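In: Need a 3D model of the sequence below.
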Amino acid sequence: MAEIKKNILSTLAYFDVFNYPLTREEICLFLPVKYESVPFDVAMACLIGSRLIYRFDKFYTLKNDPYLILRRNEGNQKAAEMVKTARKVGDILIKFPYVRGIAISGSLSKNYADDESDIDLFIITAPNRLWIARTLMHFFKKLTFLVNKEHYFCMNYYIDEQSLEIEEKNIYTATEVVTLIPIQGDITFADFFTANAWTRGFLPNHIMRVSTAKSLPKIILKGMIEWLLNNFLGDILDNRLMKITAKRWDKKTHEKRLNNHGILLAMATGKHYAKPDPENFQFKLISRYEAKVAQLLVENHHSVAN
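Out: Next up is the predicted model:
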């Protein structure tokens, strides 16, 4: 029983970092191990009775704060509308050369959005053409600033089909992978999820989704551009664009420039990936989560153990 309680608290603690209460079904999905429903429900009742977790309607949280439920319900409603917009954005971006898959990521993939939320997108490209694809897409994004729509096109994580496996393997990356909402490239994301089966070691109850993605459309202009660059000139261009972009981002980080959310601009770059620097946000969040879990278990050792 103690182990079940600890894992329930750990699951709620992870989402508590984001002030996001969970339903019973969601707690089960994000548990690090599999449990039968009866011992799970007994453990939940014990934790509620000990006031280690709080229930408001169908939601559970570590904080005795009903405002979190209102916040979540409003965020879920806004997310439903933004997902519709994200699908339209995906219909545009899939037309760019070498783009093979697009998924919704970030808070929107967890069914939450507020007035400051962006549409974060996870992009998969053809092998060795990530930087051509990314550069063309970000040129297009520059144009969206003219109509104040740039927050619809936050393409902040790229990998290519030659390197589908996510390098960092932890609770944060596992959660981000399994909650992706693929919207373009069904076969591409089937391969991606197969390459990242390691997530089951962290979240064995969560089934990754590919049915939400469309098949890749056949676009004549896209095919023509790829045909023109599928040679040594394309190799040279891709490598050159990678070096130029990496240099620009290193300068932003050195100057300690911040994004609209107050987070340091820092990007990890390589031939097969362009992603937020894990040391800048990911590792800090994991440290906060682990500290929260440790504090919970120390302060409530007797209630958890019994």
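In: and stretch 87-104, what's its mean pLDDT?
Out: For stretch 87-104, the mean pLDDT works out to 97.
In: tell me how far that stretch is from the chain's mean position?
Out: 17 Å (C-alpha atoms, centre = their mean, to the nearest Å).
In: ok, now stretch 64-80?
Out: Per C-alpha atoms, centre = their mean, the centroid offset for stretch 64-80 relative to its chain is 19 Å.
In: And for that stretch, what's in contact with it?
Out: The contact list for stretch 64-80 (C-beta atoms under 8 Å, 6 or more residues apart in numbering) reads 19-21, 51, 54, 56-57, 59, 61, 107-108, 111-115, 117. For every residue, glycine as well, the C-beta is placed using N, CA and C.
In: which non-adjacent residue is nearest Leu264?
Out: Asn280 (5.5 Å; C-beta to C-beta, 6 or more residues apart in numbering).
In: Now the one you found, what are its backbone angles?
Out: phi -80, psi -40 (degrees, to the nearest 10).
In: Tell me how many other residues crowd it.
Out: 15 (other C-beta atoms under 10 Å).
In: how close does it get to Phe30?
Out: Distance, Asn280 to Phe30, by C-beta to C-beta, to the nearest Å: 24 Å.
In: now swap in Tyr273 and tell me
Out: As judged by C-beta to C-beta, Tyr273 and Phe30 stand 26 Å apart.
In: Please apply the same query to Met267.
Out: 28 Å.
In: of the two, who's got more company?
Out: More neighbours surround Phe30 than the other of Met267 and Phe30, with 24 against 20 (other C-beta under 10 Å).
In: what's the helix or strand for the closest residue to that one other than its chain neighbours?
Out: With C-beta to C-beta, 6+ apart as the criterion, Phe30 has its nearest non-adjacent residue at 4.8 Å, and that residue is Thr11. Thr11 belongs to helix 2-16 when assigned by DSSP states H and E.
In: what's the following helix or strand after that helix?
Out: Taking DSSP H and E, what comes next after helix 2-16 is strand 22-23.
In: Give me the contact list for that next one.
Out: Thr11, Leu12, Phe15, Phe30, Lys58, Phe59, Tyr60, Thr61.
In: again, only using 6 Å
Out: Phe15, Lys58, Tyr60 (C-beta atoms under 6 Å, 6 or more residues apart in numbering).
In: Over to stretch 107-122?
Out: 75-76, 78-79, 82, 86, 102-103, 105-106, 151-152, 154-157, 179-181.
In: What residues of that stretch count as buried?
Out: 107-113, 117-122 (16 or more other C-beta atoms under 10 Å).
In: Which stretches in this structure count as helices?
Out: In the chain, the helices defined using DSSP state H lie at 2-16, 24-30, 37-49, 67-93, 130-144, 171-178, 186-195, 220-229, 232-254, 282-299, 301-305.
In: ok, back up a step: quick check on the contacts of strand 22-23: which are buried?
Out: Looks like the contacts of strand 22-23 have Phe15, Tyr60 buried, using 16+ other C-beta under 10 Å.
In: which one of the contacts of strand 22-23 sits closest to Leu203?
Out: Taking C-beta to C-beta as the measure, Leu203 lies nearest Phe15 of the contacts of strand 22-23, at 12.7 Å.
In: check contacts around that closest one.
Out: Leu22.
In: do the same with Tyr172
Out: Gln282, Leu285, Ile286.
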